[in-house]
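J.: Give me a model of this one.
(one chain, ligands or ions: 1)
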Amino acid sequence: MSEATTNAAKSMDEIMALCKRRGFIFQASEIYGGVNGFWDYGPLGAQLKKNLKDAWWQDTVLTPPDGPDGKPVSIVGLDSCIIQNPKVWEASGHVGGFNDPMVDDKETKQRFRADHLWGFFLHAAPDGSADEFRMIFERAGSDPNFIPLFCCVASASGEAREFVVQNSKKLFKQFKLTVTADPADSDEFAAMTLEQNGQRFIGALAPVTGEALAQSFASIPSPFTHKAGSLTPPRAFNLMFRTYLGATATEDDIAYLRPETAQGIFINYKNVLDTTRVKMPFGIAQMGKAFRNEVTPRNFTFRSREFEQMEIEFFCHPDTTREWYTFWRDTRMAWWRSLGLTGDNLLLREHDTDELAHYAKTGAGTSDIEYRFPFTAPGFGELEGVADRSNFDLTQHAEHARAKLEYFDQERNERYLPHVIEPSAGADRGVLALLCEAFTPDPERASKVYMKFHPRIAPIKAAVFPLVNKDGMPEVGEKLHKELRSRFGMVDFDPKQSIGKRYARMDEAGCPYCFTIDSDTLTDQTVTVRHRDTLEQDRIALDKVGDWLGEKLKA
Ligand code: ATP
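T.: Reported below is the predicted structural model:
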């Protein structure tokens, strides 16, 4: 089975059920019916997320690989406030421009992001060449004259495609269309042909651009009712959460919860320069909560309203942006791979120039590190963005705060505003990718599924099980448990239930090694070690368990 098939075949419902059952992730405020777009991490999830963040801090802040110049990379940490002076967000462009286009269905009262709208377009099939076909497909979605037959809402291309494939029979029947090529048979879904009253059409699934939507929203069919006329025009909706400082709560007291951790770094850039001995090039790293009032939170934790980011702003001389951009893009990609996101499920996607953000138009590049989540498969969803932000943010803050942010480079004898390369990752999307990657159905096991976490990020590193809760076995187990816990962190100790049930619970928790103490242990001082992935069992000396585990967890 290819990687693609594997992840596409994984059921998000089953992954979410396991997350709840084993205490990885709970719906926030669940006992009050939940609150849309917010998630709490349970005991295993909190540890998993901490392991991910610790690995990031260790590998990118404390021990990054040598830079493109072969020298050690200099990075320092920061922990800035969630609420800052509101002028920060005016300078950064978030007050004026951090908007998503929102559309409402007047009939069903459902709301969605206009840029998530995909349409299924019909066009009379040309008799002619492949080029003619291609031209029609390319125009679908961006040309207001191409009114789609029906629409669907998706945050990723794979999901829209999946919707059409799943519902095609029903939808085509509704629109009296006969499929002459089976969409499910073809990877090039757009290449399908259809027939209506003897006439041939081609069908194209494509995103409906904002411009086309703004011009033709009255005739665009609703994704929910498939009828035209019930959509509102797209309206800009600012994603920042507002709050008030102090007791009076007037317009003058408005403040914002930060929508990204990055700006806290830019406004402290001068403080860091003045108080440490960092020299250009150098980075400032920060992880912490960010808040976005997403129009349509969805796909479990993938699009939440409260989430955590792990960001680096790397400052460098403008002439060196290309090499630092390439360095960070490749370093970050290699890092996700090192945590077990392997094979085809991880993708590096360079942006086309027309997708670049306002600050990156002329820069060295922007790329997304994307993961094939089960809900995006066969498509991908963004895990981390690596962008050349040029000197956009520092210029803005220099102007708005009337601050001198230029750097005097003694080596070059030159004064300049540094350019910035930003690798910006989501901790929650990272955890979600690790959960999806680890989820491994196995009908042969009692648990029917196990979580194949990389040992470095597995929340429970090992378990100690006395085979029976008597005959001195629990005492030996407790001693071993204490030793392992002090060396490796979360280690389970469980003297009750059948050993099969205990193993099954550890398989679902993704614990890589279980040590069992039995009657032989009492005589020959050895224990059984059970390997999660292979189910092999070996015996090793009781007094060697700690060192043995230390080696395994390093690998
Ligand atoms: P998207 O296009 O999916 O909304 P974005 O491009 O706006 O994401 P960035 O502003 O580049 O995201 O944020 C950097 C990282 O923060 C993303 O790669 C993602 O991992 C994480 N992130 C952004 N928005 C959310 C969210 N609503 N929920 C969870 N993580 C998020």
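
J.: For the ligand, give me its nearest residue in the protein.
T.: The minimum distance from the chain to the ligand, using C-beta to the nearest ligand atom, falls at G426 (2.2 Å). Glycine gets a C-beta too; all of them are placed from N, C-alpha and C.

J.: who are the neighbours in contact with the residue nearest the centre of the chain?
T.: Nearest to the mean C-alpha position of the chain, by C-alpha atoms, centre = their mean, lies R429 at 2.6 Å. Applying C-beta atoms under 8 Å, 6 or more residues apart in numbering, we find R429 in contact with 301-302, 307, 371, 381-383.

J.: could these go into JSON lines alongside pLDDT?
T.: Compiled in JSON lines, the contacts of R429 are given as follows (pLDDT from 0 to 100):
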{"residue": "T301", "pLDDT": "97"}
{"residue": "F302", "pLDDT": "96"}
{"residue": "F307", "pLDDT": "98"}
{"residue": "Y371", "pLDDT": "96"}
{"residue": "G381", "pLDDT": "93"}
{"residue": "E382", "pLDDT": "95"}
{"residue": "L383", "pLDDT": "97"}
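
J.: got a winner among these for most neighbours?
T.: Greatest neighbour count in the contacts of R429, by other C-beta atoms under 10 Å, goes to Y371: 26 neighbours.

J.: Nearest residue to that residue in space, please, no chain neighbours.
T.: A433 (4.3 Å; C-beta to C-beta, 6 or more residues apart in numbering).

J.: For the one you found, the count of nearby residues, please.
T.: 27.

J.: so which strand or helix has it?
T.: Element membership for A433 (DSSP states H and E) is helix 427-438.

J.: returning to that earlier point: in this structure the residue nearest to Y371 contacts P374, no?
T.: No: in this structure, A433 is not within contact of P374 by C-beta atoms under 8 Å, at 10.6 Å.

J.: Which residue ranges of the stretch 201-350 of the chain form helices?
T.: 210-216, 262-266, 269-275, 321-338 (DSSP state H, counting those that start in this stretch).

J.: Could you list every helix and strand in contact with the first one?
T.: Here helix 210-216 is seen to pack against strand 99-104 when contacts are counted using 3 or more C-beta pairs under 8 Å, 6 or more residues apart in numbering; DSSP states H and E.

J.: can you give me the mean pLDDT across the strand it packs on?
T.: The average pLDDT within strand 99-104 is 87.

J.: so what does that strand touch, helix or strand wise?
T.: For strand 99-104, the elements it packs on are strand 111-113, helix 210-216, strand 235-238, judged by 3+ C-beta pairs under 8 Å, 6+ apart.

J.: okay if I get those as JSON lines plus mean pLDDT?
T.: Putting the helices and strands packed on strand 99-104 into JSON lines (pLDDT from 0 to 100) gives the following:
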{"stretch": "strand 111-113", "mean pLDDT": "85"}
{"stretch": "helix 210-216", "mean pLDDT": "86"}
{"stretch": "strand 235-238", "mean pLDDT": "88"}
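
J.: Tell me which of those sits most buried.
T.: Ranked by mean neighbour count, the helices and strands packed on strand 99-104 are led by strand 111-113 with a mean of 19 (mean count of other C-beta atoms under 10 Å).

J.: who does that strand touch, helix- and strand-wise?
T.: Counting contacts by 3+ C-beta pairs under 8 Å, 6+ apart, strand 111-113 is packed against strand 99-104.

J.: what's next to the strand it packs on, contact-wise?
T.: Here strand 99-104 makes contact (C-beta under 8 Å, 6+ apart) with 110-115, 117, 210, 213, 217, 231-239, 294-295.

J.: ok, now with 6 Å
T.: Strand 99-104 has contacts (C-beta atoms under 6 Å, 6 or more residues apart in numbering) with 111-115, 210, 231-232, 234-239, 295.

J.: How far away from the center of its chain is that strand?
T.: Centroid separation between strand 99-104 and its chain, computed with C-alpha atoms, centre = their mean, to the nearest Å, is 22 Å.

J.: Sheet-wise, list the partners of it with their directions.
T.: Note on strand 99-104: by DSSP bridges, its sheet partners are strand 111-113 (antiparallel), strand 235-238 (antiparallel).

J.: so can I have TSV of these showing distance to the ligand?
T.: Compiled in TSV, the strands paired with strand 99-104 are given as follows (distance: least, C-beta to the nearest ligand atom, whole Å):
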stretch	distance to the ligand
strand 111-113	9
strand 235-238	13
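
J.: Take those strands and lay them out in a markdown table including distance to G34.
T.: Formatted as a markdown table, the strands paired with strand 99-104 follow (distance: least, C-beta to C-beta, whole Å):
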| stretch | distance to G34 |
| --- | --- |
| strand 111-113 | 18 |
| strand 235-238 | 22 |
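
J.: so where's this protein uncertain?
T.: Applying pLDDT under 70 to the chain flags residues 1-5, 128-130, 155-158, 181-192, 353-363, 555.

J.: What parts of it come near the ligand?
T.: 260, 292, 294, 303-304, 307, 309, 382-385, 424-426, 428-429 (C-beta under 6 Å from any ligand atom).
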